[in-house]
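Colleague: Got a sequence here, can you build the structure:
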Amino acid sequence: MSEQFRTEEFSVNGEELLAKVKELIRQGNIRRVVIKDKTGRILVEFPLTIGVVGIALAPVLAAVGAIAALVTEATIVVEKNEE
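Modeller: Predicted structure coming up:
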């Protein structure tokens, strides 16, 4: 049986980017996050596996924070597991 997932997109400004990514991770059931700039170019893409918490996320969140400082608008694309 293949795993089912759905995709959601969120448009945020640079200041909101890190907070939104943290919020989405806390919600759980996310398998992948892609951050794009306002032209649609992928800036960063990272998978999230079950059990990745705390210190394992620190490098990812640091990268998202650096991107947030550089962009004025971004789109977060999230793949979520179907429940």
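Colleague: Quick one: residues in contact with the helix or strand that contains residue 79.
Modeller: For residue 79, the host element (DSSP states H and E) is strand 73-81. Contact partners of strand 73-81, identified using CB atoms under 8 Å, 6 or more residues apart in numbering, comprise 3-14, 17, 20-21, 24, 29-38, 40, 43, 67-68. Heads up, the C-betas are built off the backbone N, CA and C, glycines and all.
Colleague: From residue 59, how far off is the closest residue to residue 20 other than its chain neighbours?
Modeller: In space, and not counting its chain neighbours, residue 20 is closest to residue 12: 5.1 Å by CB to CB, 6 or more residues apart in numbering. As judged by CB to CB, to the nearest Å, residue 12 and residue 59 stand 21 Å apart.
Colleague: Who has more neighbours out of those two?
Modeller: Comparing residue 12 with residue 59 by other CB atoms under 10 Å, the one with more neighbours is residue 12, at 18 against 10.
Colleague: Quick one: name whatever helix or strand follows whatever helix or strand the more buried one lives in.
Modeller: Take DSSP H and E as the rule and residue 12 turns out to sit in strand 5-13. Toward the C-terminal end, the helix or strand that comes next after strand 5-13 (DSSP H and E) is helix 14-27.
Colleague: Now that we have the contacts of strand 73-81, which of them are buried?
Modeller: By neighbour count, with 16 or more other CB atoms under 10 Å, the contacts of strand 73-81 hold 12, 17, 20-21, 24, 30, 33-36, 43, 67-68 as buried.
Colleague: just to revisit the earlier point, ok, now which ones touch the residue nearest to residue 20?
Modeller: Residues near residue 12 by CB under 8 Å, 6+ apart: 20, 73-76.
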